[in-house]
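Novice: A predicted structure for the sequence below; I have some questions about it.
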Amino acid sequence: MDEFLSEREQVDRIRQWWKDNGAWIIVGVGAGVLSLASWNWWQGYQLKRAEQASAIYSALAEAVIEERMDDVRNGVERLAAGHGSSPYLQHGRLVLAAVLVREGDHEAAIGQLEQVLENTRDPQLALVARLRLARLLVAKGEEERALSVVREAEAGAFAPALLEVEGDALAAGGDLEGARDAYRRALEGAETLGPVIDQELVQLKLEALAPGAGAGSDAS
């Protein structure tokens, strides 16, 4: 019984136990401290990189306001080179796409929007990019490609907006009945989901495609 051991025997037992197990305790404690230190370093590193990406994006947004378009491009290139996994990169691509459209470089804008669709993990951002891409494709006369873009999405609250673009694409391609149906569904969706589209404009588009609308205008 341990309680009847002499003090010397107890000390000897403790020494022997420490001799047998002490190294493992030291290793375990050391590994725990090292793991904690590594985790803290990684958290600090990630925070620093996020702050760097945020600073680049802020400078990019300021360049848009001041119409320094080369700086906008450079900002996106810097984000792509050093912060490829940051959400700021995909937001930057959206901004750059708008700049490129303004400059008339539609192909380059389409490329940026496609990059967002392929790489973002934010479903809402993906829908924004999808909507802008589809509108741009309709404007370029690529109706079939635009239809494939809008019809691939799980649209959610964006459904009325994507249906409006679907109607635009169908109308431009000559499918007037399909366009009318898309516009009607867009208006119905807007009644449920709220003012996500310009309902008056969509109604005008629908009325312009009504059978006999052209004849009525000519008669007047």
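Specialist: Ah, there it is. Numbering: from 1, shown residues only.

Novice: in the helix or strand containing E144, what counts as buried?
Specialist: Using DSSP states H and E, E144 sits within helix 143-151. Residues 143, 146-147, 149-150 are the ones in helix 143-151 that count as buried (16 or more other C-beta atoms under 10 Å). Where C-beta positions appear, they are placed from N, C-alpha and C, glycine not excepted.

Novice: for stretch 57-66, same thing?
Specialist: Applying 16+ other C-beta under 10 Å to stretch 57-66 flags 57, 60, 63-64 as buried.

Novice: just to revisit the earlier point, got the CA coordinates for the helix or strand that the helix holding E144 is followed by in PDB?
Specialist: Downstream of helix 143-151, the first helix or strand assigned by DSSP H and E is helix 159-172. Extracted C-alpha coordinates of helix 159-172, given in PDB (Å, rounded to 0.1, in the frame of the first residue of the first chain):
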ATOM      1  CA  ALA A 159     -35.200  34.800 -61.200                       C
ATOM      2  CA  PRO A 160     -37.200  37.800 -62.500                       C
ATOM      3  CA  ALA A 161     -34.100  39.600 -63.700                       C
ATOM      4  CA  LEU A 162     -32.800  36.500 -65.500                       C
ATOM      5  CA  LEU A 163     -36.200  35.900 -67.000                       C
ATOM      6  CA  GLU A 164     -36.200  39.400 -68.300                       C
ATOM      7  CA  VAL A 165     -32.900  38.800 -70.000                       C
ATOM      8  CA  GLU A 166     -34.200  35.500 -71.300                       C
ATOM      9  CA  GLY A 167     -37.100  37.400 -72.900                       C
ATOM     10  CA  ASP A 168     -34.700  39.900 -74.400                       C
ATOM     11  CA  ALA A 169     -32.600  37.100 -75.900                       C
ATOM     12  CA  LEU A 170     -35.700  35.300 -77.300                       C
ATOM     13  CA  ALA A 171     -37.100  38.400 -78.800                       C
ATOM     14  CA  ALA A 172     -33.800  39.300 -80.400                       C
END
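
Novice: distance from the chain centre to helix 159-172, please.
Specialist: 22 Å (C-alpha atoms, centre = their mean, to the nearest Å).

Novice: between it and helix 143-151, how many degrees?
Specialist: Computed by axes from the mean of the first three to the mean of the last three C-alpha atoms, to 10 degrees, the angle separating helix 159-172 from helix 143-151 equals 170 degrees.

Novice: need the contact partners of helix 159-172.
Specialist: The contact list for helix 159-172, computed with C-beta atoms under 8 Å, 6 or more residues apart in numbering, reads 127, 130-131, 134-135, 137-138, 141, 143-144, 146-147, 150-151, 153, 155, 176, 178-183, 185-187, 189-190, 193, 196-197, 202, 205-206, 209.

Novice: again, but for stretch 73-81
Specialist: Residues outside stretch 73-81 that contact it (C-beta under 8 Å, 6+ apart): 53, 56-57, 59-60, 63, 86, 88-89, 92-93, 95-96, 112.
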